[in-house]
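> need a structure here:
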Amino acid sequence: MSEPLEQLPGGPEPIPAPPPARHGWLNFAIDFGPLLVFFLTYKFTSGGEGSFAATTGAIKGTVAFMAAIVVAMIVSKWKLGKISPMLWMSGILVLGFGALTVWFHDERFIVMKPTIIYAAFAALLLGGWLMKRPMLKYLLQSALEGVTETGWLTLSRNWGIFFAALGIANHIMYELIETGRMSFDLWLTIKVWGVTALSFLFALTQLPVMMRNGLAATEESDG
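Residues are numbered from 1 along each chain as shown. Presented below is the predicted three-dimensional model:
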């Protein structure tokens, strides 16, 4: 559907009205905020232990993470009118593994959680791709309007491979921490800043796929 038109003063040609805000900053805050809360809480309260241990910082960070993910889900429902399937899955796993971390005083559950999330997303997206079902479209609830089914299938395959690679990388880091060759602090820094930056860069590489599969055509028709 075309955007509403505004009339230029003294001219017969209508111009498109500015499109409504897409809440991009809010989506980013909902997705990234809880992890940042965990990172900051851990950094300000930890004693700097390097390997798996029952650190005060890790436990406090986990509790803050659990509270932040609940707040993110509430804000998403309140401001966006929905909680995406991806946020539901992340929230359930954060609360589940967070509870295990607090109960057993063991940081390993925190490090294991991303591997399971990435593996679940990879299996869902790649399984859907093999069955010709664009599962990314359903996970995002059609956040990218105008992209064709072929485009969604391609995006589902590409993101499925990306999540599989992240899952393998996270498991390798888990094993390195387990054997004392990598610190929990380093893992957390990579998780918060490295994976976030890598995900953003990978999303940029998918723009040509979206442009070739309907996104550009939709924007032009709106004009």
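> CA atoms for contacts and neighbours, from now on please.
Noted.
> Pull the contacting residues for the residue nearest the centre of the chain.
Closest residue to the average C-alpha location of the chain: residue 31 at 5.4 Å, with C-alpha atoms, centre = their mean. For residue 31, the contacting residues are 72, 87, by C-alpha atoms under 8 Å, 6 or more residues apart in numbering.
> how close does it sit to residue 68?
Distance of residue 31 to residue 68, given as C-alpha to C-alpha, to the nearest Å: 10 Å.
> anything in contact with each of the two?
Counting by C-alpha under 8 Å, 6+ apart, nothing touches both residue 31 and residue 68.
> one step back: sticking with the residue nearest to the centre of the chain, tell me its helix or strand.
helix 24-45 (DSSP states H and E).
> ok, and for the longest helix belonging to the chain, which residues are buried?
Among the segments of the chain that qualify as a helix by DSSP state H, the longest is helix 149-178. Residues of helix 149-178 classed as buried by neighbour count (16 or more other C-alpha atoms under 10 Å): 150-167, 170-171, 173-174, 176-177.
> Who are the packing partners of that helix?
helix 108-130, helix 135-140, helix 207-212 (3 or more C-alpha pairs under 8 Å, 6 or more residues apart in numbering; DSSP states H and E).
> okay, those helices in CSV with mean pLDDT, mean neighbour count and distance to residue 97 next?
Below are the helices and strands packed on helix 149-178 laid out as CSV (pLDDT from 0 to 100; neighbours: other C-alpha atoms under 10 Å; distance: least, C-alpha to C-alpha, whole Å):
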stretch, mean pLDDT, mean neighbour count, distance to residue 97
helix 108-130, 93, 20, 6
helix 135-140, 84, 19, 22
helix 207-212, 89, 15, 34
